[in-house]
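Enquirer: A structural model of the following input is requested.
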Amino acid sequence: MTKHVVVYALLAAAALLSACQPAEEPVTPDVPKTDSIWDNPTQLPVAREDQIAFLSVYATPEQLLAQGDDDEACAWLWMHEAFPDALFLPFGQIKEHTLDSLRVLFWLRDVETDNIADVTTLPEPAVAAAGEIAEWYKNGGNIILWGHAVLYIETLGRLPEGTYTSSKHDWVCSCGPGRLDLGHWLMSVQLFPGGKFKKDHSTHPLFKDISIYTDNNIRGFMVKGPGWSEDHNCVFFNYPSEITGRSWQAEICYTLLKDYYGIIPLATWDSQISWVSQLNVYELKRGNTEYHGRAICVGNGGCEFSMKNYRQVGTDAEGHPIYETSADLSAHPQNNCYQDNILLMARNAVNYMRNGNE
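Expert: This next block holds a predicted model:
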């Protein structure tokens, strides 16, 4: 199961109409003094309580744009525009005190090799920096992990190593080149387990100013429209019931998950609202842990930062179309008619993590 879609005629029609105090100087890492259109974005600033950094395995923004994945590159272009003071911070430059001035870290990772082992094998610079980031996170730093980067929450120790891939529950992950998909993808922000109780997260700061569709059972919004879909879900199921020992349709399962474990399932695929099961888009608060910071994990395959351009270039021996794709590198990619929802959710995530209540 890689995607669950509910297409409502009224929803699709309506959606397409609307969518189709300076502190002490921190210790500054050694950074090569090279000219850059990004105004030395790896130069750490005077400490500020709301400082943001964009994490990357690449040494410079230019290298990311030239060699990196299109979603990762577009995420940086968007962040540089939306938050001009945000730093570009390579994992390889993180050492003791590097993170002292930072409030929020953002990492988006997107793997397109069609090899799941490449998803579960994190880049060496990210692994090497995990000790410093984990300590910063324990001391109150906040991190946003997007796409395949959600697995990093294990490397940081907030979830046990191997949680995503454990055979005790189900994991859905894909990392292929994608395909043409003409559907509309709906993400629910409300749980309605067994029709017994509702947990509505539509007022969470992550979804601020996003138009919410509702019917008797579902509250949610569109994340992806027709186009070239990579379908890179990285989500897992049944873990809440496993760790709480309670039925996934019992309210106590949700309550224990949230209050004791500090895990809040903010959004799921619309087909998953009947259980406290799928960790798709979720928040990690302290719970019964030593992590005083917070994390937002977005493993939803519909939350692409950029859908590729595509064109048919021929047909195969069986008459099936062959497509050629190219990157749409922009702070505001155009191929997803619901892209504004994705960028708004990302902005909300940064503001929420930076300010705590926005």
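Enquirer: quick check, central residue of this protein?
Expert: The residue lying closest to the centre of the chain (Cα atoms, centre = their mean) is Trp146, at 2.3 Å.
Enquirer: that one should be in a helix, yeah?
Expert: No: applying DSSP: H, G, I helix; E, B strand; the rest coil, one finds Trp146 to be strand, outside a helix.
Enquirer: list the contacts of it.
Expert: 75, 106-109, 298, 303, 305, 346 (Cβ atoms under 8 Å, 6 or more residues apart in numbering). For the C-beta atoms, the positions are set from N, CA and C on the backbone; glycine is no exception.
Enquirer: try it again with 6 Å
Expert: Going by Cβ atoms under 6 Å, 6 or more residues apart in numbering, Trp146 touches 108, 298.
Enquirer: separation between it and Glu304?
Expert: Trp146 sits 10 Å away from Glu304, going by Cβ to Cβ, to the nearest Å.
Enquirer: flag the shaky bits of this protein, pLDDT-wise.
Expert: The model of the chain has pLDDT under 70 over residues 1-49, 357-358.
Enquirer: returning to that earlier point: and the residue nearest to the centre of the chain, bridged to which residues?
Expert: Under DSSP bridges, the beta-bridge partners of Trp146 are Leu108, Val298.
Enquirer: where's it relative to Trp76, distance?
Expert: In terms of Cβ to Cβ, Trp146 sits 12 Å off from Trp76.
Enquirer: give the residue farthest from the middle of the chain.
Expert: For the chain, the residue at maximal distance from the C-alpha centroid (Cα atoms, centre = their mean) is Ala317, at 38.4 Å.
Enquirer: helix, strand or coil for Glu132?
Expert: Applying three-state DSSP: Glu132 is helix.
Enquirer: what number of residues are in the vicinity of the closest residue to it other than its chain neighbours?
Expert: Setting aside the residues directly before and after it, Glu132 is nearest to Ile94 in space (Cβ to Cβ, 6 or more residues apart in numbering), at 5.3 Å. Neighbour count of Ile94, defined by other Cβ atoms under 10 Å: 23.
Enquirer: how far away is Ile94 from Ile133?
Expert: Distance from Ile94 to Ile133, counting by Cβ to Cβ: 7 Å.
Enquirer: all strands for the stretch 1-150 of the chain, in order.
Expert: Using DSSP state E, counting those that start in this stretch, the strands found in the stretch 1-150 of the chain span residues 52-56, 87-90, 104-109, 142-147.
Enquirer: got the CA coordinates for the helix or strand following the last one in PDB?
Expert: This means strand 142-147. Counting by DSSP states H and E, the element after strand 142-147 in chain order, helix or strand, is helix 152-155. Output of helix 152-155 as PDB, limited to C-alpha atoms (Å, rounded to 0.1, in the frame of the first residue of the first chain):
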ATOM      1  CA  TYR A 152      17.200  10.400  11.400                       C
ATOM      2  CA  ILE A 153      15.000  10.600  14.500                       C
ATOM      3  CA  GLU A 154      16.300   7.100  15.300                       C
ATOM      4  CA  THR A 155      19.900   8.100  14.800                       C
END
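Enquirer: now do helix 152-155: distance to the chain's middle.
Expert: 13 Å (Cα atoms, centre = their mean, to the nearest Å).
Enquirer: what does stretch 294-306 give?
Expert: Between the centre of stretch 294-306 and the centre of its chain there are 2 Å (Cα atoms, centre = their mean).
Enquirer: what do you get for stretch 184-197?
Expert: Here stretch 184-197 is found 20 Å from its chain centre; the criterion is Cα atoms, centre = their mean.
Enquirer: flag every buried residue along it.
Expert: For stretch 184-197, the neighbour count (16 or more other Cβ atoms under 10 Å) marks 184-193 as buried.
Enquirer: can you check stretch 235-242 too?
Expert: By neighbour count on 16+ other Cβ under 10 Å, the buried set for stretch 235-242 is 235-241.
Enquirer: for Ala346, which three-state class applies?
Expert: Classification of Ala346 by three-state DSSP places it in helix.
Enquirer: so for it, what's the nearest residue that isn't a sequence neighbour?
Expert: Nearest to Ala346 is Trp78, by Cβ to Cβ, 6+ apart, at 7.0 Å.
Enquirer: check Arg219 too.
Expert: Distance criterion Cβ to Cβ, 6+ apart; nearest residue to Arg219, sequence neighbours excluded, is Gln190 at 4.0 Å.
Enquirer: residues contacting the one you found?
Expert: Contacts of Gln190 by Cβ under 6 Å, 6+ apart are 198, 200, 219.
Enquirer: who's the last one bridged to?
Expert: Going by DSSP bridges, Arg219 is paired in beta bridges with Thr214.
Enquirer: ok, it - contacts?
Expert: Here Arg219 is in contact with 189-190, 200, 202, 212 (Cβ under 6 Å, 6+ apart).
Enquirer: ok, now how distant is Glu81 from Val276?
Expert: From Glu81 over to Val276 the distance is 37 Å, taken as Cβ to Cβ.
Enquirer: so the two - more neighbours on which side?
Expert: Val276 (32 against 13).
Enquirer: what's near enough to touch the more buried one?
Expert: 193, 240, 248, 253-254.
Enquirer: how about a cut-off of 8 Å?
Expert: Contacts of Val276 (Cβ under 8 Å, 6+ apart): 191, 193, 240-241, 248-250, 253-254, 257, 265.
Enquirer: which secondary structure element contains Ala267?
Expert: Per DSSP H and E, Ala267 falls inside strand 263-269.
Enquirer: report the angle between whichever strand or helix holds Tyr352 and strand 104-109.
Expert: Using DSSP H and E, Tyr352 sits in helix 339-355. Per axes from the mean of the first three to the mean of the last three Cα atoms, to 10 degrees, the angle that helix 339-355 makes with strand 104-109 is 140 degrees.
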